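[1] here is the input, now give the coordinates:
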Amino acid sequence: MLVLHEFVYKRLNNLVGYIHNKVYQGSNNRNRYKLNNYIYVWWQEDKIVRVFDTEQKKTLYILGDSEKQLVVINNILEIGNYNFYTDVSQILENSLRATQDPKTIEVYLKIGDLERYLNSSVKTLFSMTQQGGELNRIELNDLGANDVVEMVETGILYFVFNGRNAWHSTWIQKYTVGCMHTNFQSAKDFVERKRVQGSVFYIKQLPCLIFKSKNKKIYITEINNKNPLCGYSYMDINNIKSEDKFNKKSYLLNGKLLKDILLSFDINSNFWNRQKPSKNSFFIFYSVNHDLYKTEDIPSELKIYNSVSYGKNNKLGWHYKKSLLDSSAIKRLHEIYKTSHVTDILY
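    Residues are numbered from 1 along each chain as shown. Predicted structure coming up:
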């Protein structure tokens, strides 16, 4: 049995609930929705109970809010007549063209968000293997009161971007949904799904700081910074003169809430002692299964890979060079954690 990511279920539920209640006023006759060209859902008792993938020909059964579990079946015979499903995107698009109603425009934008989200997240549920990889950005409400730090680690993420000549380019690299991965194979698989004729992709190893609770991890890193997290202080800079080096304003300690750690890394917090990072360059990601999402240790030399085409019918090849990234800031923060962890145990 696979485990449905809690944050995927929560966000998908919110979006479909918005469609059901706001667009169709909670009508009992509107409980089956076509969300895009391959994803269909059943809505029942204020939650999604089944998801069908007509491309992969699989059914996802959601067993309950508390369990967050699913069963995948290799057929979609139970989907029923396609005419029973409301094509929300088409209906809203027609309404938008006909009326230009502000409320319709608002909902249509929501559907656009849903389409992008499905393309990046939900589809991967049907192709999960014993080695996870693609990460999603975190929101504060993805974490609960029981999510406390048990360990802080370092590792690397694989960041996918594209361009023409970006080996050591000063061009601004941009985050796109689905571009961050915990292993190289997952990043390569992502590129294969995105490739079009003439495109060139890059996969860059990024050092990251990892906060680990009992069953969740958050991964923190930066792009467009030669030394990621170099501006982050281990404590509130307002308390930098405190005699207690590891006072309550430091979050590099076991037992701290992951929510509080997220707040300390907010770009407007008092934990940045240099120029604060751009919101488009600083990222926090999230995973919920330690067995599926494992990272590699930071190597002595980080790498950046570029794709090489061997024809449209063959998978891309990959060449690499040494990256100019520096991982010293992240390693320094980890050393501070290890020191504070020992101090916490002794005293």
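[2] in terms of residue numbering, what are the domains of this protein?
    Following automatic domain parsing, the chain resolves into domains at 6-127, 136-346.
[3] as a markdown table, those domains with mean neighbour count and mean pLDDT would be great.
    Quick note: C-beta positions are derived from backbone N, CA and C, even for glycine. Shown next, in a markdown table, are the domains of the chain (neighbours: other Cβ atoms under 10 Å; pLDDT from 0 to 100):
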| stretch | mean neighbour count | mean pLDDT |
| --- | --- | --- |
| domain 6-127 | 16 | 73 |
| domain 136-346 | 17 | 81 |
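[4] quickly list what Ser250 is bridged to.
    Met235 (DSSP bridges).
[5] my read: it touches Ser340, true?
    Yes. Contact criterion Cβ atoms under 8 Å: Ser250 and Ser340 qualify, at 6.7 Å.
[6] measure stretch 76-87 end to end?
    This stretch, stretch 76-87, spans 18 Å end to end (Cα to Cα, to the nearest Å).
[7] distance from it to the middle of the chain?
    Taking the mean C-alpha point of stretch 76-87 and that of its whole chain, the gap between them comes to 30 Å (Cα atoms, centre = their mean, to the nearest Å).
[8] residues contacting that stretch, please?
    With Cβ atoms under 8 Å, 6 or more residues apart in numbering as the test, stretch 76-87 has contacts from 24, 30, 32-34, 40, 50, 52-54, 57-59.
[9] Asn43 contacts Val23, doesn't it?
    Slight slip there: residue 43 is Trp, not Asn. No. Using Cβ under 8 Å, Trp43 is not in contact with Val23; the gap is 11.9 Å.
[10] how far away is the nearest residue to Tyr293 once chain neighbours are set aside from Ser300?
    In this structure, Tyr293 finds its nearest non-sequential neighbour in Ser287, 3.9 Å apart by Cβ to Cβ, 6 or more residues apart in numbering. Counting by Cβ to Cβ, to the nearest Å, the gap from Ser287 to Ser300 is 26 Å.
[11] do the same with Asp46
    Counting by Cβ to Cβ, the gap from Asp46 to Ser300 is 52 Å.
[12] now the helices for the protein?
    All helices of the chain, identified by DSSP state H, fall at 6-18, 88-99, 102-120, 184-194, 258-264, 328-346.
[13] who are the packing partners of the fifth one?
    In terms of contact count using 3 or more Cβ pairs under 8 Å, 6 or more residues apart in numbering; DSSP states H and E, helix 258-264 is assigned the packing partners strand 217-222.
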